[in-house]
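Chemist: let me see the structure of the following:
(4 chains)
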Protein chains: 2
Amino acid sequence: MKLTTKGRYAVSAMLDLAKNDHGGPVSLNDISKREDISLSYLEQIFTKLRKADLVKSVRGPGGGYVLAREADKISVADVIDSVGEDVDLCCCGDSHSDDEHEKTPCFTHKLWSGLTFVMREYLQSVSLQELLDPEIEFGGRIKIERDTKSSGEQK
Amino acid sequence: MKLTTKGRYAVSAMLDLAKNDHGGPVSLNDISKREDISLSYLEQIFTKLRKADLVKSVRGPGGGYVLAREADKISVADVIDSVGEDVDLCCCGDSHSDDEHEKTPCFTHKLWSGLTFVMREYLQSVSLQELLDPEIEFGGRIKIERDTKSSGEQK
DNA sequence: CAAATATCCGACTAAAATGGTCGGGTATAT
DNA sequence: ATATACCCGACCATTTTAGTCGGATATTTG
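Modeler: Okay, the predicted model is just below:
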């Protein structure tokens, strides 16, 4: 279970962009050097970021990219999604006809959709702005609450 | 971002095992047919489950596998881990010397470790027993609470 | 004992995904 | 005009995935 570099690079690059936003655009060349990601690969990634309206491009010398909106209005989920790093672990196709041969998978379905939900929820809750803030910590300070259908009944 | 079939199959198979536990062992042949997973592939998976002490094997005719402990004492995380489906999204090696050239990644580090934490927490909280219980629902009934270091300050 | 059943084990492999590169374009500031 | 930088599609090597295959070993049943 892993995230591809595309997703990680995209977040790193967007963070770099947010960090070095001094009014004008930031060139991929600069990001490439700072983050140690190949230029061509960055171009691929930014094409997707642009199509998802997360960044705007400025062509020509002195050009580059700028965030399409403020860093606190962009969630990590936005970035991950835009590069096609789908967070979707569901097993059977959504519209799996769950009649007939009654296999076990449909017991697992709620598990995977639950996991997907948890991940999305988390990624949506974190903005680029927050990531740049060294004050904010994450690890160990997260709690998941799972309610069963009717209260009680659970360990 | 995806789970491999190995992880999914492992959970499905373990669930099948829990479900069809009528005292004696369950053969892979049966599981293979019910869950529609190739026998050889199942063997690979169960070798790992056995080495992780999640199941016990009984050889010879009438043999098969049984859960090594009760279904409510086995979490989905146990199963996933045992087949080598690492839930670990951290970017830089853990002991990344974060001195010197100060790249952005170490801002993202807390993000990925936070995500990993959330996923593990969730998977650990679900037991095989619970999955078999049709009463228990998951989707939409999960809440994540993220505390910032000092209270206040967050949207 | 023999035969059938079932776990055990390692090596091998086709197909897909990943993580890029390469070669050219096009817009624009100087 | 030239240099800068974005834009775009095709291509490709490596790795991972998702298995298969052939055989060995243990054990129950007749």
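Chemist: from here on, contacts and neighbour counts on C-alpha atoms
Modeler: OK.
Chemist: what helices and strands are in contact with the biggest helix by length in chain A?
Modeler: Longest helix of chain A, by residue count under DSSP state H: helix A:105-125. The contact analysis (3 or more C-alpha pairs under 8 Å, 6 or more residues apart in numbering or on different chains; DSSP states H and E) places helix A:105-125 against helix A:76-82, helix B:5-19, helix B:105-125, helix B:128-132, strand B:142-146.
Chemist: quick one: least confident helix or strand in chain A?
Modeler: strand A:142-146 (a mean of 77; mean pLDDT, DSSP states H and E).
Chemist: tilt between that one and helix A:105-125?
Modeler: 140 degrees (axes from the mean of the first three to the mean of the last three C-alpha atoms, to 10 degrees).
Chemist: close to chain B, is strand A:142-146?
Modeler: Yes. Using C-alpha under 8 Å from any C-alpha of the partner chain, we find that strand A:142-146 touches chain B at A:142-146.
Chemist: and that strand, how far out from the chain middle?
Modeler: 20 Å (C-alpha atoms, centre = their mean, to the nearest Å).
Chemist: which parts of it are buried?
Modeler: A:142, A:144, A:146 (16 or more other C-alpha atoms under 10 Å in any protein chain shown).
Chemist: paired strands for that strand, with orientation please.
Modeler: Strand A:142-146 sits in its sheet next to strand B:142-146 (antiparallel), going by DSSP bridges.
Chemist: just the C-alpha atoms of the partner strand, please, in CSV.
Modeler: C-alpha atoms of strand B:142-146 as CSV (Å, rounded to 0.1, in the frame of the first residue of the first chain):
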residue,chain,number,x,y,z
ILE,B,142,-16.1,7.8,11.2
LYS,B,143,-14.8,11.0,12.5
ILE,B,144,-11.3,12.1,12.6
GLU,B,145,-10.2,14.6,15.2
ARG,B,146,-7.0,16.4,14.7
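Chemist: contacts for that strand next, please.
Modeler: A:114, A:118, A:121-122, A:138, A:141-147 (C-alpha atoms under 8 Å, 6 or more residues apart in numbering or on different chains).
Chemist: need these in a markdown table with distance to A:Ala77, can you?
Modeler: Listed next are those as a markdown table, based on distance: C-alpha to C-alpha, whole Å:
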| residue | distance to A:Ala77 |
| --- | --- |
| A:Gly114 | 17 |
| A:Val118 | 12 |
| A:Glu121 | 9 |
| A:Tyr122 | 8 |
| A:Phe138 | 16 |
| A:Arg141 | 19 |
| A:Ile142 | 17 |
| A:Lys143 | 19 |
| A:Ile144 | 18 |
| A:Glu145 | 21 |
| A:Arg146 | 22 |
| A:Asp147 | 24 |
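Chemist: and those residues, which is closest to A:Leu39?
Modeler: A:Tyr122 (30.0 Å; C-alpha to C-alpha).
Chemist: these two touch, right, that closest one and B:Phe117?
Modeler: No. Contact criterion C-alpha atoms under 8 Å: A:Tyr122 and B:Phe117 do not qualify, at 10.4 Å.
Chemist: residues in contact with the closest residue to A:Val87 other than its chain neighbours?
Modeler: Nearest non-adjacent residue to A:Val87, counting by C-alpha to C-alpha, 6 or more residues apart in numbering or on different chains: B:Met1, 5.4 Å away. Going by C-alpha under 8 Å, 6+ apart, B:Met1 touches A:1-4, A:85-89.
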